[in-house]
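Novice: Take this sequence and fold it.
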Amino acid sequence: MITVVGTGTGAPAPDALVADLVVGGRRHLDAVRLPEGAERIVLGPLAPALDAIGEYVAKKRPVVVLASGDPGFFGIVRALAERFGPERLDVRAGVSSVAAAFARVGLPWDDAVVVSAHGRELRTAVHVCRARPKVAVLTGPGSGPAELGAALLHHDRVLVVATALGDPARERVERVTPAEAAARDWGTAVSVVLCLDEARALGPVRTLAGPERAPGGWALAEEAFAHRDSMITKFEVRALALARLGPRLGDHVWDVGAGSGSVAVECARLGAAVTAVEKTADGAGRVRANAAAHGVDVRVVHGAAPTVLSDLDDPDAVFIGGGGRELPAIVTACARRARRTVVVAMAALDRVPAARAALTNAGFGCDGVLLQSSRLAPLPGDVTRLAAANPVFLLWGERPHACAEGVDQ
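Specialist: Predicted coordinates:
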């Protein structure tokens with residue numbers, strides 16, 4: 001049997017351990033009285049420790065593994081269960097660092113999103129923090145409060161940095177702005193970082209814990225958005241564009257030539273972090289207004305593509321809804337940066353070859369369709385006709401490795 005004990009963060013130090021082998025971090029091992037004659041392994045690389053545990057398990061000798069907080073929450077229980085089977089584990093959970101951090105600031109966390117940046121790329125955690133109002137980030141070397149703060153400088157967030165949770169002498173819980181977080185050296189004792197939009201930190205009562213449900217529908221009617229003179233991506237086009245973009249929690253999507261921001265808003269409703277690029281001041285204002293009306297976060301960049309794109313973080317997917325004569329240069333710039341997909345909507349057929357060439361030259365597999373739809377329209381006498389909408393050519397390019405491997409979440 002392998003006994004897994006959660007320590008720290010409010011849990012009492014375990015005593016009277018019965019084990020022939022005790023495995024844990026150095027600070028965990030130093031905090032307990034080890035059984036006489038027991039072997040001690042300080043956790044470093046996981047594989048050698050698992051091999052040693054396997055030798056003791058094969059001989060039916062008792063093993064104790066010490067871990068922080070709740071070892072079943074982004075902890076060692078997963079690796080142990082995969083290697084030895086859940087039936088061989090006796091897990092005695094402590095309080096997770098996430099639960100403790102929210103307790104320290106007096107907030108419920110059934111509506112929080114928890115994302116680990118420990119041993120992983122920080123980008124997913126950053127995009128979740130941009131898209132959701134209440135996020136807990138489990139940090140690690142190179143993915144700490146300073147790096148997170150630097151990535152959130154343009155977003156209205158407060159960071160709560162919880163350090164050495166459960167240690168009465170060293171514990172600190174500090175509220176800082178992203179700029180303040182970016183300017184400090186936080187050391188190695190950070191337990192967790194909470195990223196909060198304080199205006200929305202107390203959400204409604206929940207039935208399901210975790211991130212908000214995906215919206216019940218998308219490809220909203222044009223009437224759901226403020227727009228100018230019907231200059232908006234029509235819902236039929238938006239439906240296919242969203243299907244090809246595949247926006248999801250942890251993604252970053254660019255909406256270039258955003259106009260009303262209908263695509264940007266819909267991607268944000270589906271969980272992605274979104275940057276909308278719009279060259280006109282009144283258009284940028286409309287994007288902000290539409291995002292606010294739908295209760296989502298969209299970063300709006302007022303400027304002309306492709307010039308302003310160089311200052312943006314790399315996207316997973318890009319929608320290009322404008323561009324004029326600059327369209328080939330814009331598609332080329334976006335294709336160089338997109339990790340997964342670029343979707344281009346064009347009303348002018350003569351721009352299609354150059355856009356397609358820009359995608360294929362960047363190594364994308366390319367496909368497209370001409371969308372021609374007719375909507376039901378009433379006529380006098382209680383009869384209905386079909387009203388044709390302007391045709392739109394939708395072109396999309398997909399990076400081959402992204403299609404085959406997917407994106408790590």
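Novice: can you give me the helices for the stretch 101-250 of the chain?
Specialist: Under the criterion DSSP state H, counting those that start in this stretch, the stretch 101-250 of the chain carries helices at the ranges 123-131, 145-151, 178-182, 235-245.
Novice: Of these, which stretch is the most buried?
Specialist: Comparing the helices of the stretch 101-250 of the chain by mean neighbour count (mean count of other CB atoms under 10 Å), helix 123-131 comes out on top with a mean of 26. From N, CA and C alone the C-beta is placed, and that goes for glycine too.
Novice: counting contacts, what elements does it pack onto?
Specialist: Contacts defined by 3 or more CB pairs under 8 Å, 6 or more residues apart in numbering; DSSP states H and E place helix 123-131 against strand 113-116, strand 134-138, helix 145-151, strand 252-256, strand 273-278.
Novice: In TSV, list those along with distance to residue 198 and mean pLDDT.
Specialist: Shown next, in TSV, are these (distance: least, CB to CB, whole Å; pLDDT from 0 to 100):
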stretch	distance to residue 198	mean pLDDT
strand 113-116	16	95
strand 134-138	10	96
helix 145-151	16	96
strand 252-256	23	98
strand 273-278	19	97
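Novice: OK, contacts around the closest residue to residue 227 other than its chain neighbours?
Specialist: Among residues not flanking residue 227 along the chain, residue 260 sits closest, at 3.9 Å (CB to CB, 6 or more residues apart in numbering). With contact set as CB atoms under 8 Å, 6 or more residues apart in numbering, residue 260 has these partners: 225-228, 231-233, 283, 286-287, 290.
Novice: Looking at residue 260 now. What's its pLDDT?
Specialist: Per-residue pLDDT puts residue 260 at 94.
Novice: Dihedrals phi and psi, it?
Specialist: Residue 260 adopts backbone torsions of phi -80, psi -20, taken as degrees, to the nearest 10.
Novice: and the residue minimising distance to the centre of the chain, what pLDDT?
Specialist: With distances taken as CA atoms, centre = their mean, the chain has residue 250 as the residue nearest its mean C-alpha position (2.2 Å). With respect to pLDDT, residue 250 scores 94.
Novice: Which parts of the stretch 151-300 of the chain are strands?
Specialist: 158-163, 172-176, 190-196, 252-256, 273-278, 298-302 (DSSP state E, counting those that start in this stretch).
Novice: Of all these, which one comes closest to residue 50?
Specialist: The stretch from these with the least distance to residue 50 (CB to CB) is strand 190-196; that distance is 24.7 Å.
Novice: Give me the contact list for the closest one.
Specialist: Contacts to strand 190-196, defined as CB under 8 Å, 6+ apart, come from residues 9, 97-98, 100-102, 105, 107, 112, 129, 133-139, 144-145, 148, 152, 157-165, 181.
Novice: residue ranges with poor pLDDT in this structure?
Specialist: For the chain, applying pLDDT under 70 flags the ranges 9-16, 402-409.
Novice: Could you tell me the end-to-end distance of stretch 380-389?
Specialist: One end of stretch 380-389 sits 20 Å from the other (CA to CA, to the nearest Å).
Novice: cool, stretch 245-261 as well?
Specialist: Start-to-end span of stretch 245-261 (CA to CA) is 15 Å.
Novice: Please apply the same query to stretch 226-237.
Specialist: Taking CA to CA, the first and last residues of stretch 226-237 lie 18 Å apart.
Novice: So for it, what gets flagged as buried?
Specialist: Within stretch 226-237, the residues that count as buried by 16 or more other CB atoms under 10 Å are 227, 232-237.
Novice: The closest residue to residue 339 other than its chain neighbours: how many residues sit nearby?
Specialist: In this structure, residue 339 finds its nearest non-sequential neighbour in residue 316, 4.8 Å apart by CB to CB, 6+ apart. Close neighbours of residue 316, defined as other CB atoms under 10 Å, add up to 25.
Novice: got it, and residue 256?
Specialist: Residues within reach of residue 256, counting by other CB under 10 Å, total 31.
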